[in-house]
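A.B. asks: dropping the sequence and predicted coords here.
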Amino acid sequence: MHKRWTIRKHDADAVNRLSNELSVRPLIAALLIARGHDTAEKALQFLNPSPEDLHEPFLLKGMREAVERIRRAVEAKEKIFIWGDLDVRWHYRNSLLRRTFALLGLETDFHITDRFTESRGLNIRPLQAARDGLYPWWSSVDTGTSSCDGRVCQLDQARRDHL
C-alpha cells in the first residue's frame, strides 16, 4: 500500500527563515511550523526539551505499578521478556528498553512478531516459551495486548502502548 503524505501549505518566507535560523532543510522547518513551533526559540525548545518541559510520567495509567514491578525485578535479578510487532518504532523501543534494563542490571530477551506466521498482537505460544525459559515477567510495547493475557501463562506483565 502506497501512502502519500501531504504537508499543509505555509508561508514560504517563514519556512525559509526558520530553515536558515536552525540550519535545517525546509521540509523540517515546514513540519515544525505545522506543529506550532514557528519561531527558532519554540522549535529549539521542542527539539531540545529540558526535564521541566516534560510531562509528569506518573500521570500515565499504570506507571506506579510498572515502576514497582521493575524495582522488584532489579532486587530479584529477574530476566525480562519483551514482546513487539515488527516495525521501525518497535526496534527503537526494544533497544531503549533493553538498554535501560541492562543499566539496571537486568537480562532481557525479546520476541518479534513474524508477520507471515503469526497474527498481529499477542499469541500464546511465544509467551509460554518465555515462561518455560524462566522469564517471570514480560513487557510489550505498542502491541495489541487484548488478544492474549499474560496471566494465562502465569507471567506478570507490564504493558506500554506508546513509549
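C.D. replies: On my side now, so go ahead.
A.B. asks: where along the protein do the strands fall?
C.D. replies: Taking DSSP state E as the criterion, the chain carries its strands at 79-84, 107-112, 137-141, 156-160.
A.B. asks: just for this protein, where's the confidence low?
C.D. replies: When the per-residue scores of the chain are filtered using pLDDT under 70, the ranges that remain are 1, 85-90, 115, 118-163.
A.B. asks: how about 50 then?
C.D. replies: For the chain, residues meeting the criterion pLDDT under 50 lie at 147-155, 159-163.
A.B. asks: domain-wise, how is it divided?
C.D. replies: Under automatic domain parsing, the residue ranges defining each domain of the chain are 12-53, 57-160.
A.B. asks: the residue nearest to D109 when sequence neighbours are not counted and S19: what is the separation?
C.D. replies: Distances taken as C-beta to C-beta, 6 or more residues apart in numbering put F81 closest to D109, at 5.6 Å, once the chain neighbours are dropped. For the C-beta atoms, the positions are set from N, CA and C on the backbone; glycine is no exception. Distance, F81 to S19, by C-beta to C-beta, to the nearest Å: 45 Å.
A.B. asks: which of the two has more neighbours?
C.D. replies: With other C-beta atoms under 10 Å as the criterion, F81 and S19 differ in neighbour count, and F81 comes out ahead with 25 against 18.
A.B. asks: P57 reaches M63, doesn't it?
C.D. replies: Yes: taking C-beta atoms under 8 Å as the definition, P57 is a contact partner of M63 at 5.7 Å.
A.B. asks: mind checking which of those two has more residues around it?
C.D. replies: Neighbour tally, P57 and M63, criterion other C-beta under 10 Å: the higher count belongs to M63, 14 against 10.
A.B. asks: wait, F81 touches T108, no?
C.D. replies: Yes: taking contacts as C-beta under 8 Å, F81 lies within contact range of T108: 7.4 Å.
A.B. asks: let me see the ranges of the helices in the chain.
C.D. replies: Taking DSSP state H as the criterion, the chain contains helices spanning 12-22, 26-34, 40-47, 63-76, 88-103, 124-132.
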